[in-house]
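Undergrad: Quick one, what's the 3D model for this:
(chains A and B)
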Amino acid sequence: MITKPKGCYDIYGKEAKNWQFLNQIIDEVMTNYNYNFIRTPIFESTELFHRGVGETTDIVTKETYDFIDRGNRPMTLRPEGTAGVVRSFIENKMYGENLPVKVYYNGTMYRYERPQSGRDRELTQFGVEVLGSDDELVDAEVISIPVNIFKILGLQEIKVNINSLGDTESRNIYREALINYFTPYKENLCEDCQKRLEKNPLRILDCKIDKELDIMKKAPVTIDYLNEESKIRFDKVKKYLDEMEINYEVVPTLVRGLDYYNHTVFEIEAKVEGFGSNNVLAAGGRYNGLVKLLGGPETSGIGFAAGIGRILLALQKEKINIPINDSVDVFILYVNEEEKSYSAKLTQALRLSGFIVETEYNNRSLKSQFKQADRLNSKILIILNSEEINNGKIKVKNNTTKEEKLINIEELIDYLDDNLFEHCDCGCEEHNCDC
RNA sequence: GCGGAAUUGGUGAAGUGGUUAACACGCCGGAUUGUGGCUCCGGUAUGCAUGGGUUCGAUCCCCAUAUUUCGCCCCA
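TA: You can find the predicted model right below:
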């Protein structure tokens, strides 16, 4: 048997319905925020990701899907969404447009990692990028997007963590302070942290092994190293979040892995029991240096990305029922070939009239067709009979009330309207109107 | 890249070094020869992930591979 590649998943059945529902919410929310959809290639030149992320990190050296195309060009399946969007921004000279440019994407990303709960090799993320504004209001707005989406979905057990890394100057001073602080205690740190001390000292604060050490608790905190300007900036972001009535916690140990982040960073965690260790549903931050790094003009940027799979997992763990339509309006039953032909004609006509129509495809017994109609939650049954059809009649059954009627064929649409839609008393022709 | 656990029909699973691999759900058919969701009867695995090995014989023991799962590293 040929199996799917490691760390990839088939989405089908009920899960596909949940998936579509979530995507619909995302589209609606992004419309309200007036963000435009952007679609960029699933693979880009390898250099884009290497420059954006930094050559030496583990990410680039062992965690991307790289290949050489037939024209000998080094290519990489995109591991994240930001680099492609920023490339597009630069290449299409969007910096000449009305700024800021506000876009959102929703697509698959590829990371060559060891799969575990909440971490796949092919993952789907949606995310936003705002390019061309350094305003604190944008920071707050970007954080509010996933918060609002989760609120609409009904997720309760989530937590918003924010922090500020400050501008480049603050960040560098802080980094030095961390190295100076930890170096005398190097022997006390775990093996991994000893390596981190040189490679990525900010990450030491995140360490699961060393977090109980006293030296951790007294370690320098980002916020104390912000210069005056960065501090004022961060205060404004918090003020706007307060105005939006968004609950958050300032977590000084929250750092992002990559160098291009500055100022605001945030992540939203699922806190529901049993979620596992990969519990960050959405994460992002400000990256004012990235556009320039990738060859564009000095342009501020901020964005976040959220994993579709993890959000669905969180919904499942919180036992939130997603309202999906798993019923059909009409199921057409038949027995003989003449009736089957009529079914072909009728399904076509009803579907074009906007009804959800099912019929029998396996020539099963009438009894089985009734069972099948129930399995599909059919609201109306149409039982075809050659003799009745030839007399211009058709048999219909309301599967809720079990009331069965023989009606004239011309009356069918009216019958379906009456039985499928609740009519209001206002006399208008609309179904389910709000009056 | 490192470590632990798992892998039996469409599904949930029981089980054993030796002729026909429980049970349940589901599905199909029949009882009811054109009206179902209850009941009863019958049917339903190219055979226990794949490839090697040990053995007279392996689904069961050993090794490898694949996939899944839980952690570590990393987390864009």
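Undergrad: gap between stretch A:85-95 and the chain center?
TA: 23 Å (C-alpha atoms, centre = their mean, to the nearest Å).
Undergrad: That stretch - what's its average pLDDT?
TA: Averaged across stretch A:85-95, the pLDDT comes to 97.
Undergrad: With only the CA atoms kept, save it in CSV.
TA: The C-alpha coordinates for stretch A:85-95 follow below in CSV (Å, rounded to 0.1, in the frame of the first residue of the first chain):
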residue,chain,number,x,y,z
VAL,A,85,4.6,38.1,1.2
VAL,A,86,7.5,40.5,1.9
ARG,A,87,9.2,39.3,-1.4
SER,A,88,5.9,40.0,-3.2
PHE,A,89,5.6,43.4,-1.5
ILE,A,90,9.1,44.4,-2.8
GLU,A,91,8.9,42.8,-6.2
ASN,A,92,5.5,44.3,-7.0
LYS,A,93,6.5,47.6,-5.6
MET,A,94,3.6,47.8,-3.3
TYR,A,95,5.5,50.3,-1.2
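Undergrad: Contacts for that stretch next, please.
TA: Residues outside stretch A:85-95 that contact it (C-beta atoms under 8 Å, 6 or more residues apart in numbering): A:38, A:40, A:44, A:48, A:52, A:101, A:103, A:105, A:129, A:131-132, A:290-291, A:294-297, A:299, A:301, A:303. No exception for glycine: its C-beta is placed from N, CA and C like everyone else's.
Undergrad: So which of these are in strands?
TA: Among the contacts of stretch A:85-95, the ones falling in strands (DSSP state E) are A:44, A:101, A:103, A:105, A:129, A:131, A:301, A:303.
Undergrad: out of the residues you listed, who's nearest RNA strand B?
TA: A:Gly303 (9.1 Å; C-beta to the nearest atom of the strand).
Undergrad: burial measure for the closest one, as a count.
TA: For A:Gly303, the count of nearby residues is 24 (other C-beta atoms under 10 Å).
Undergrad: so what's it bridging to?
TA: A:Glu129, A:Gly285 (DSSP bridges).
Undergrad: how far away is it from A:Gly54?
TA: Plainly put, A:Gly303 is 18 Å away from A:Gly54 if you go by C-beta to C-beta, to the nearest Å.
Undergrad: Need the nearest residue in space to the most centrally placed residue in chain A, chain neighbours excluded.
TA: Residue closest to the average C-alpha location in chain A (C-alpha atoms, centre = their mean): A:Ile308, at 3.6 Å. Distance criterion C-beta to C-beta, 6 or more residues apart in numbering; nearest residue to A:Ile308, sequence neighbours excluded, is A:Thr124 at 4.2 Å.
Undergrad: repeat for A:Ser230
TA: A:Gly166 is the one closest to A:Ser230 (C-beta to C-beta, 6+ apart), at 3.8 Å.
Undergrad: Am I right that that neighbour falls within a strand?
TA: No. Secondary structure of A:Gly166 (DSSP: H, G, I helix; E, B strand; the rest coil): coil, not part of a strand.
Undergrad: so who does it touch?
TA: A:Gly166 makes contact with A:174, A:222, A:225-227, A:230-231, A:234, A:262-263, according to C-beta under 8 Å, 6+ apart.
Undergrad: cutoff 7 Å now
TA: For A:Gly166, the contact set (C-beta atoms under 7 Å, 6 or more residues apart in numbering) comprises A:174, A:222, A:225-227, A:230, A:262-263.
Undergrad: Could you identify the buried members of those residues?
TA: Among those, those buried by neighbour count (16 or more other C-beta atoms under 10 Å) are A:174, A:222, A:225-226, A:230, A:262-263.
Undergrad: For RNA strand B, state which of the residues you listed is nearest.
TA: Taking C-beta to the nearest atom of the strand as the measure, A:Asn262 is the one of the buried ones among the contacts of A:Gly166 closest to RNA strand B, at 13.1 Å.
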